[in-house]
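[1] Mind folding the following:
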Amino acid sequence: MLDRFKGFWQGVVLAPFVTLFIRLGISPDAVTLVGTIGVAAGALVFFPQGELLIGVLVITAFVFSDLIDGQMARRLGRSSKFGAFWDSTLDRIGDGAVFGGLVLYFAGPGDSMLYLSLSLYCVVMGSVTSYARARAESLGMDAKGGLAERADRLVLILVATGLGAIFGVPVLMYAALWILAFANTATVVYRVEKVRKQAVAADAAVGDQGPTQNRSVG
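    As a prediction, this is how the structure comes out:
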């Protein structure tokens, strides 16, 4: 859903940063690493202290590295398999830190076992959502789609948490966690079923080919 806005951010807002970093000789992989460290620090330092708005602002400032590093790699002609692996791996760390920070918040100043558990559930299911797609692709199948793509999950929880902190309406964050818990679950179920259908079709095709090949040989 949010992919349609990438062109605007990359071409208008973030292009000067891309140019500057290239001139300074900074590598795309370094930008990815610094961005992840910034996201993790914003979530794990400020959220547990109850500083939700500051945490959201810090995370938002660094999360744009996910767009900058890709644009830098394309300009430099350095797109590589390792770069894709590095980016995806650090994305999981950043996502885990955001929801892990919320777990620590609800274990401390947020004081809610219900929403602590819900945040933890979002951590797990968010990882399963990404793993399901990666594992399917490693088997030569497609598991894209569902209700909760990574960018959508991140934007929803950051916007809800930030606005809730600004206006003193924590129910926005609570609602976002419930929505994400449902969306993550639905996405995992969707992807599992999508891969199951592909696997059944592939197995059936192999089964159909086997006897045919045997008859031809015979």
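[2] give the contact list for the residue nearest to the spatial centre of the chain.
    In the chain, the centroid-proximal residue (C-alpha atoms, centre = their mean) is Arg150; its distance is 3.2 Å. Counting by C-beta atoms under 8 Å, 6 or more residues apart in numbering, Arg150 touches Asp91, Asp95, Gly126, Thr129, Ser130. Where C-beta positions appear, they are placed from N, C-alpha and C, glycine not excepted.
[3] likewise Ser27?
    By C-beta under 8 Å, 6+ apart, the neighbours of Ser27 are Met72, Arg78.
[4] tell me the phi and psi of Ala148?
    Here is the backbone geometry of Ala148 (degrees, to the nearest 10): phi -130, psi 80.
[5] Next one: it relative to Ser112, how far apart?
    22 Å (C-beta to C-beta, to the nearest Å).
[6] Compare these two (neighbour count), which wins?
    Under the criterion of other C-beta atoms under 10 Å, the comparison of Ala148 against Ser112 puts Ala148 first, with 23 against 14.
[7] Buried ones in stretch 197-206, by neighbour count?
    For stretch 197-206, a neighbour-count test (16 or more other C-beta atoms under 10 Å) marks Gln198 as buried.
[8] Then stretch 81-91?
    Buried residues in stretch 81-91, counting neighbours by 16+ other C-beta under 10 Å, are found at Gly83, Trp86, Asp87, Leu90, Asp91.
[9] of those, closest to Trp178?
    Asp91 (23.4 Å; C-beta to C-beta).
[10] ok, now which ones touch the closest one?
    Contacts of Asp91 (C-beta under 8 Å, 6+ apart): Thr36, Asp66, Ser130, Arg150.
[11] Check the gap between Gly55 and Phe17 for me.
    Counting by C-beta to C-beta - Gly55 and Phe17 are separated by 22 Å.
[12] actually Glu137, sorry about that
    As judged by C-beta to C-beta, Glu137 and Phe17 stand 30 Å apart.
[13] quick one: which of these two has more around it?
    Regarding Glu137 and Phe17, a neighbour count based on other C-beta under 10 Å identifies Phe17 as having more, with 16 against 13.
[14] Can you tell me the element the residue nearest to that one when sequence neighbours are not counted falls in?
    Distance criterion C-beta to C-beta, 6 or more residues apart in numbering; nearest residue to Phe17, sequence neighbours excluded, is Ile68 at 5.7 Å. For Ile68, the host element (DSSP states H and E) is helix 65-76.
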